[in-house]
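Novice: how does the following fold in three dimensions:
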Amino acid sequence: MADLLDQVREAIERNQLVSAGEVVVVGVSGGPDSLCLLHLLYRLRGDYDLKLHVAHLHHGLRGGEADADAEFVRGLAADWQLPCTVDQADVPALAREHRLAVEEAARRARYAFLARVAGEVGAQTVAVGHNADDQAETVLMHWLRGSGLAGLRGMLPITPLDDYRLLADENHADPLLPWEGTESKITQISPFLGRGQSPKLIRPLLEVTRAEIEAYCSLNGLEPCFDRSNLDTTYFRNWLRHDVLPLLARHNPNVQEVLRRSARVVADDYALLRSLLEEAWPRVVMIESDGAIAFDLAAWRGLATSLQRSVLREAIHRLRRSLRNINFIHVENALEVARVGTTGDQATLPQGLMLTLGYDRFTVASGQGEPVEWLPDWPLLPPGTKGLTLAVPGTTLLPDSEWLVEAVMIDLHELPPDWRANADLWQAFLDARVVGARLALRTRQAGDRFQPLGLGGHEVKLADFLTNRKVPRAVRARLPLLICEWGIAWACGQRVDERASVREATRQVLVLRFVPV
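Specialist: Numbers count the residues shown, from 1 in each chain. Predicted structure coming up:
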């Protein structure tokens, strides 16, 4: 069947699936798809100077039949003089322990195994035998589960293996690898991760139908193993394959091609959306860490709804890399809270994540509240600072900060014309005689009160004032307060005390200004 060989060669060229001279790990179950794939790559190896390495994972599911499959693959590789790695995983135990469907547990174990083998043999490419029928089933399966565009694309001809969020570094071994010596094996994957060279997963048969594959095997004398579990319709994919798709085909005989065509269109649309997301991400992200991401609320709300939703999904993926499917309801609830909610509102996200709405931002993080380490670039003090004496006049460095305070004495007539407008929140003009020469900075204490300028001498609780001013919760315990002999003269960056303000009777003015070093 020369046509199929040419078709696969064309797919390799069009999608740039392999490079000349490279090592390719081929996942071989022993079934017709993987056997056909291995045979085709074996025939094409001279064209690309490929070095093939066969890999087979025994899932621990079918007893003696699975043992026979493993021996078949091992023997086939020996007959074709190809190196081969065979290993076994206890997929049923994995599924029970991690509350996964058996299909999903097998998938995770299989991809992690293939990535590990790639690391061991120095391969940057892993080939698997997914075909056009598998693609149609995948699209339909994702649609029934309520997937977003990423899922409705179906499978791609080429995908970085770490996109599947199955790999780990040596300090965080993936728990979904239930074979002996997991930690020592997983560290052999990390060299790819450290160099940014994760193995890529390729699917040369993605546009080849199952019927074409079976015909190729028959024509070339290939006798694949028969997996009885493929007939078990209690598995979701088998139910789609044997019950749902034949029913749909009664109404549209071309239903599989319709699904594949839709996947190609969605893949193009998703690529455009992804490029827009990559452009928007740095504009809306304020701070990002391994455990939390803070977004500029106004900037995020300025995005189109599709991009807002994509940003939320991306945040979940970055914080929960092992999560494969994100529930539609989770995203839509979070979208609604972030779009129209008020300060303090929250939305529950998968795997312990929480979206929390703040004054000018929202955060996606574990648990509740805003992480205290998320601080604006303000001149702040360590929490609990008792008293930092200011040099007046002079300069004073803030501890653990890249800011200092300048203190200058001027006469009243030396004030700039626009001093009352004072656009710099971190600058204050104070009556030098009223505040005195013994000044210090500290953070807030229980019971703090002062008389904010503009309230006619009315005294308020500092805590209430900061809350009403929408000062972020993480900042309040670190905000510098200027203390004189009689109390708070300036809640720095916020408001001067009425008693410390410059008046007509003021003779000397103390000008305080926070300046970055």
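Novice: residue contacts, the residue sitting nearest the centre point of the chain?
Specialist: Taking Cα atoms, centre = their mean, the centroid of the chain lies closest to residue 318, which sits 1.2 Å from it. Listed by Cβ atoms under 8 Å, 6 or more residues apart in numbering, the contact set of residue 318 reads 288, 293. Every residue, glycine included, has its C-beta placed from N, CA and C.
Novice: tell me the secondary structure at it.
Specialist: Here residue 318 is recorded as helix under DSSP: H, G, I helix; E, B strand; the rest coil.
Novice: begin at 338 from now on, thanks
Specialist: In the new numbering, first residue 338, that becomes residue 655.
Novice: any idea how far it is from residue 538?
Specialist: Distance of residue 655 to residue 538, computed by Cβ to Cβ, to the nearest Å: 21 Å.
Novice: cool, and residue 632?
Specialist: From residue 632 across to residue 538, the span is 31 Å (Cβ to Cβ).
Novice: now residue 483
Specialist: 25 Å.
Novice: next one: residue 466
Specialist: Distance from residue 466 to residue 538, counting by Cβ to Cβ: 12 Å.
Novice: name the helices or strands packed onto the longest helix along the chain?
Specialist: Counting by DSSP state H, the longest helix found in the chain is helix 592-621. Secondary structure elements in contact with helix 592-621, counted by 3 or more Cβ pairs under 8 Å, 6 or more residues apart in numbering; DSSP states H and E, are helix 469-481, helix 486-489, helix 582-588, strand 629-633, helix 634-638, helix 642-656.
Novice: the inter-axis angle of the one helix or strand residue 456 maps to versus helix 469-481?
Specialist: If you go by DSSP states H and E, residue 456 is part of helix 439-458. Orientation of helix 439-458 against helix 469-481 (axes from the mean of the first three to the mean of the last three Cα atoms, to 10 degrees) gives an angle of 120 degrees.
Novice: identify whichever of the helices and strands packed on helix 592-621 lies nearest to residue 778.
Specialist: Among the helices and strands packed on helix 592-621, strand 629-633 comes nearest to residue 778, with 26.6 Å by Cβ to Cβ.
Novice: how many degrees apart are that closest one and helix 592-621 in direction?
Specialist: Put simply, strand 629-633 runs at 80 degrees to helix 592-621, going by the same axes, to 10 degrees.
Novice: list the buried ones in strand 629-633?
Specialist: By 16 or more other Cβ atoms under 10 Å, the buried positions in strand 629-633 come out as 629-632.
Novice: do stretch 488-498 as well
Specialist: 488-494, 498.
Novice: try stretch 567-584
Specialist: Quick answer for stretch 567-584 (16+ other Cβ under 10 Å): 572-573, 575, 577-578, 581-582.
Novice: one more: stretch 800-815?
Specialist: For stretch 800-815, the buried set under the neighbour-count rule, 16+ other Cβ under 10 Å, comprises 802-803, 808-813, 815.
Novice: format these as TSV; extra columns: pLDDT.
Specialist: TSV is the format used below for those (pLDDT from 0 to 100):
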residue	pLDDT
802	95
803	92
808	86
809	80
810	78
811	77
812	87
813	90
815	91
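Novice: of these, closest to residue 676?
Specialist: Among the buried residues of stretch 800-815, and counting by Cβ to Cβ, the member closest to residue 676 is residue 809, at 20.4 Å.
Novice: wait, doesn't that closest one sit right on residue 700?
Specialist: No. Residue 809 sits out of contact with residue 700 when judged by Cβ atoms under 8 Å, with a separation of 10.4 Å.
Novice: so what touches stretch 681-700?
Specialist: Stretch 681-700 has contacts (Cβ under 8 Å, 6+ apart) with 623, 629-635, 637, 649, 653, 656-657, 660, 663-664, 667, 670-671, 673-675, 678-680, 701-708, 711, 807, 809-810.
Novice: and it, C-alpha only, in PDB?
Specialist: Extracted C-alpha coordinates of stretch 681-700, given in PDB (Å, rounded to 0.1, in the frame of the first residue of the first chain):
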ATOM      1  CA  GLY A 681     -14.300  40.300  49.000                       C
ATOM      2  CA  ASP A 682     -16.400  38.200  46.700                       C
ATOM      3  CA  GLN A 683     -14.900  34.800  45.900                       C
ATOM      4  CA  ALA A 684     -15.400  31.900  43.400                       C
ATOM      5  CA  THR A 685     -14.300  28.300  43.900                       C
ATOM      6  CA  LEU A 686     -12.000  26.900  41.300                       C
ATOM      7  CA  PRO A 687     -10.700  23.300  40.800                       C
ATOM      8  CA  GLN A 688      -8.200  21.600  43.200                       C
ATOM      9  CA  GLY A 689      -8.400  24.000  46.100                       C
ATOM     10  CA  LEU A 690      -8.000  27.200  44.100                       C
ATOM     11  CA  MET A 691     -10.000  30.300  44.900                       C
ATOM     12  CA  LEU A 692     -10.600  33.500  43.000                       C
ATOM     13  CA  THR A 693     -10.700  36.400  45.400                       C
ATOM     14  CA  LEU A 694     -11.800  39.900  44.300                       C
ATOM     15  CA  GLY A 695     -10.000  42.900  45.800                       C
ATOM     16  CA  TYR A 696     -10.300  46.600  45.300                       C
ATOM     17  CA  ASP A 697      -8.200  47.000  42.200                       C
ATOM     18  CA  ARG A 698      -7.200  43.400  41.500                       C
ATOM     19  CA  PHE A 699      -8.300  39.800  41.800                       C
ATOM     20  CA  THR A 700      -6.200  36.900  42.800                       C
END
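Novice: strands of the stretch 338-487 of the chain, start to end?
Specialist: Counting by DSSP state E, counting those that start in this stretch, residue ranges of the strands within the stretch 338-487 of the chain are 360-364, 388-395, 421-425, 462-464.
Novice: quick one, which of those gets closest to residue 836.
Specialist: Proximity to residue 836 (Cβ to Cβ) singles out strand 462-464 among those, at 72.8 Å.
Novice: which strands and helices sit next to that closest one?
Specialist: strand 360-364, helix 439-458, strand 537-539.
Novice: thinking again about what came up before, closest one of the buried residues of stretch 800-815 to residue 363?
Specialist: Taking Cβ to Cβ as the measure, residue 363 lies nearest residue 811 of those, at 51.9 Å.
Novice: can you tell me which helices and strands the helix or strand in which that closest one is found packs against?
Specialist: Assigned by DSSP H and E, residue 811 belongs to helix 810-813. With contacts defined as 3+ Cβ pairs under 8 Å, 6+ apart, helix 810-813 has no helix or strand neighbours.
Novice: low-confidence ranges, the stretch 688-837 of the chain, go.
Specialist: Scanning the stretch 688-837 of the chain for pLDDT under 70 picks out 704-711.
Novice: helices along that one, start to end?
Specialist: 769-772, 799-805, 810-813 (DSSP state H, counting those that start in this stretch).
Novice: make JSON lines out of those helices and add distance to residue 752.
Specialist: Shown next, in JSON lines, are these (distance: least, Cβ to Cβ, whole Å):
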{"stretch": "helix 769-772", "distance to residue 752": "12"}
{"stretch": "helix 799-805", "distance to residue 752": "26"}
{"stretch": "helix 810-813", "distance to residue 752": "29"}
